[in-house]
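Asks: please find the sequence and the predicted model below.
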Amino acid sequence: MGSTEDLDYPQIIFQYTNGFLVSKVLFTACELGVFDLLLESGEPLSSDAIAARLGTSPSGTERLLDACVGLKLLAVEVTGGGVYYRNTEISNLYLTKSSPKSQYHIMMYYSNTVYLCWHYLTDAVREGRNQYERAFGISSIDPFGAMYRSEEEMLKFMAGQNSIWSICGRDVLAAFDLSPFRHIYDLGGGGGALAQECVSVYPNSTVTIYDLPKVVQVAKEWFVPSEERRITFHEGKCQLLRRRVLSWALGDRGHISLLADLAEAGSLVAVSALVQPCLVKYLL
Ligand SMILES: C[S@@+](CC[C@H](N)C(=O)[O-])C[C@H]1O[C@@H](n2cnc3c(N)ncnc32)[C@H](O)[C@@H]1O
């Protein structure tokens, strides 16, 4: 707005300055299981009861809970001289692990990976590269190698990606009428949440997910039920040949069918937003 008032009291500067504190309060309450506990308890709990159940300090817990109240993530009830905390509606829906719309996993990915990398933003800008090496001691040349530094991390990342689709997948898929496409190829399809939404919105479609071999294994084991016959997988490492042509290295067999072959009549090829820039950068 740029009004005199803004210049006298620079609210957005204060908001931006404290923004990371807000994120960390949210992440910490999620990580400690505050929202899960309050959902399971079925009744408001005192700060001491929450601390006892979570095994956390009474003083730290009370401060965290009050910060959550200030952020409207918890509500507080004062009865009979006691103070009791309960989840707000939005917390029940999005911050508890058991909710179908849970954002818990993406929160944990942000808290334990993204947050640590952003600590080195100044270095990233100076050097023009990601900061996995500083944050985790892992080579930053292959970002997915760093993100998938253990099977546990891979699982968390994939669950996090999936959780976003539980909110916006249907809207994205319904934004255009995809019903004329019988076969959909999802390059970098990860944990398959979008594919599952796709066959739900377009029951006559089939989706083939292309992704790295270990990602495909985890997706099959954890995320896509084997009885879902409309979703199949191809494992391999996608490579960029020229600026607009992707190829697919099929595991040990070493070769390669052009994307153009996939995009046969009646097929739609979706390329994960982050695959393409990453390939452009690292494989050209
Ligand atoms: C940002 S994630 C998106 C996942 C999925 N599309 C989603 O939205 O949930 C990018 C995906 O691309 C995959 N990927 C990255 N590099 C790849 C490569 N060279 N070949 C195949 N898949 C790759 C990753 O494993 C990951 O699943």
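Replies: Yep, it's here.
Asks: is the ligand within reach of stretch 122-134?
Replies: No: when contact is scored as C-beta under 6 Å from any ligand atom, no part of stretch 122-134 falls within range of the ligand; the minimum is 13.7 Å. Where C-beta positions appear, they are placed from N, C-alpha and C, glycine not excepted.
Asks: in the protein, where's the longest helix?
Replies: Of all the segments of type helix in the chain, defined by DSSP state H, the longest one is helix 151-174.
Asks: just the CA trace of the helix or strand following that one, in PDB.
Replies: Using DSSP states H and E, the helix or strand that follows helix 151-174 in sequence is strand 183-187. Taking Å, rounded to 0.1, in the frame of the first residue of the first chain, the C-alpha atoms of strand 183-187 are listed here in PDB:
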ATOM      1  CA  HIS A 183      -3.900 -43.400 -20.900                       C
ATOM      2  CA  ILE A 184      -2.100 -40.900 -18.700                       C
ATOM      3  CA  TYR A 185       1.600 -41.000 -18.200                       C
ATOM      4  CA  ASP A 186       2.800 -39.300 -15.000                       C
ATOM      5  CA  LEU A 187       6.600 -38.600 -15.300                       C
END
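Asks: show me what strand 183-187 is packed up against.
Replies: When contacts are defined as 3 or more C-beta pairs under 8 Å, 6 or more residues apart in numbering; DSSP states H and E, strand 183-187 sits against helix 193-201, strand 206-211, strand 267-271.
Asks: distance to the ligand, mean pLDDT and mean neighbour count for these - can I get that in CSV?
Replies: Formatted as CSV, the entries for the helices and strands packed on strand 183-187 read as follows, by distance: least, C-beta to the nearest ligand atom, whole Å; pLDDT from 0 to 100; neighbours: other C-beta atoms under 10 Å:
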stretch, distance to the ligand, mean pLDDT, mean neighbour count
helix 193-201, 6, 95, 21
strand 206-211, 5, 92, 24
strand 267-271, 8, 63, 18
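Asks: can I get these in a markdown table with distance to Asn87?
Replies: What follows is those, written out as a markdown table (distance: least, C-beta to C-beta, whole Å):
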| stretch | distance to Asn87 |
| --- | --- |
| helix 193-201 | 24 |
| strand 206-211 | 35 |
| strand 267-271 | 36 |
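Asks: hang on, the earlier thing: the longest helix of the chain near the ligand at all?
Replies: Yes: figure legend: helix 151-174 in contact with the ligand (C-beta under 6 Å from any ligand atom); contacting residues Gln161.
Asks: outside of that helix, which residues touch it?
Replies: The set of residues that contact helix 151-174 without belonging to it, under C-beta atoms under 8 Å, 6 or more residues apart in numbering, is 100-110, 112-113, 147-148, 190-194, 197-198, 200-202, 214-215, 218-219, 222-223.
Asks: so who does Ile90 touch?
Replies: Ile90 makes contact with 72-73 under the criterion C-beta under 8 Å, 6+ apart.
Asks: try 6 Å
Replies: Not one residue lies near Ile90 by C-beta atoms under 6 Å, 6 or more residues apart in numbering.
Asks: what pLDDT does the residue of the stretch 1-150 of the chain found nearest the ligand get?
Replies: As assessed by C-beta to the nearest ligand atom, the ligand sits closest to Phe144 within the stretch 1-150 of the chain, at 4.6 Å. Here, the pLDDT recorded for Phe144 equals 85.
Asks: so what's the gap between the helix or strand harbouring it and the chain middle?
Replies: When secondary structure is defined by DSSP H and E, Phe144 falls within helix 143-147. Put simply, helix 143-147 sits 15 Å off its chain's centre (C-alpha atoms, centre = their mean, to the nearest Å).
Asks: got phi/psi on Gly189?
Replies: Summarising the backbone geometry of Gly189 under the convention degrees, to the nearest 10, its torsions are phi -80, psi -10.
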